[in-house]
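Asker: Make a model of this:
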Amino acid sequence: MELNYRGRCWKFGDNVGVDGDMMPLEFALQRETRLDVLAPYAMTGLDPDFPQKVRSHDIVVGGKRFAQGNPHIQGLLGLAAHNVGLVCESIPRGSLRNALNAGLPLLPACPGITQRLESGDELEVDFRSGRVRNLTQNWEQTFDPLPAALLDIILAGGWQPALKRRVEEMLARGAAQPT
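Answerer: Modelled structure (predicted):
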């Protein structure tokens, strides 16, 4: 996985809810986590055609409290299934953890970002350095990136692949095997 994305901006406002806006609640109730099942429903509460229009390496831009509500992972898995990045003004702690668990590249604290761009703008985001470039409007700004340890989880593809890699590394070093 890479941490440099270039694609179209998909701007959403403040208070986007995990359940209903990002993903129908039924998938959380069913505890569905298969990406191929979730992908066709990503963001359909706000844009019913989003799954058909979005492309790999596009950037979802959210306002304040993006992914608010119950910290269900399904909406964030739906975004990860489309291989998009996320840049938002703020995100609740539980949803931040779920974005990491889903392996979704993100910049979680970009104050004022929604005033600097529009849906359809061509963006370039370096999630490692925190640099956001709006190629359409010719500006750039750098925000605080995630710490390296969290970027490693994203680079691994989420919590499950990251855990598997850590266990394999421990076993390769001769660490005691679990009993």
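Asker: Let me see the mean pLDDT of the longest strand along the chain.
Answerer: The longest strand of the chain (DSSP state E) is strand 4-11. Across strand 4-11, the average pLDDT comes to 98.
Asker: By residue count, which helix of the protein is the longest?
Answerer: If you go by DSSP state H, the chain has its longest helix at helix 159-172.
Asker: Against which helices or strands is it packed?
Answerer: helix 148-156 (3 or more CB pairs under 8 Å, 6 or more residues apart in numbering; DSSP states H and E). Quick note: C-beta positions are derived from backbone N, CA and C, even for glycine.
Asker: Which residues in the helix it packs on does the neighbour count mark as buried?
Answerer: Buried residues in helix 148-156, counted by 16 or more other CB atoms under 10 Å: Leu150, Leu151, Ile153, Ile154, Leu155, Ala156.
Asker: how about the longest strand of the chain: buried residues?
Answerer: Judged by neighbour count using 16+ other CB under 10 Å, the buried positions of strand 4-11 are Tyr5, Gly7, Arg8, Cys9, Trp10, Lys11.
Asker: just stretch 157-164 next, same as before
Answerer: Buried-residue list, stretch 157-164, by 16+ other CB under 10 Å: Gly158, Trp159, Ala162.
Asker: Could you do stretch 14-23 as well?
Answerer: Val16, Gly17, Val18, Asp19, Asp21, Met22, Met23.
Asker: any chance you could map the helices in this structure?
Answerer: Remark: helices assigned in the chain by DSSP H are 25-29, 35-38, 50-53, 74-81, 93-102, 148-156, 159-172.
Asker: and the longest one, how far out from the chain's middle?
Answerer: To tie it back to what came earlier, the one meant is helix 159-172. 22 Å (CA atoms, centre = their mean, to the nearest Å).
Asker: Much appreciated, bye for now.
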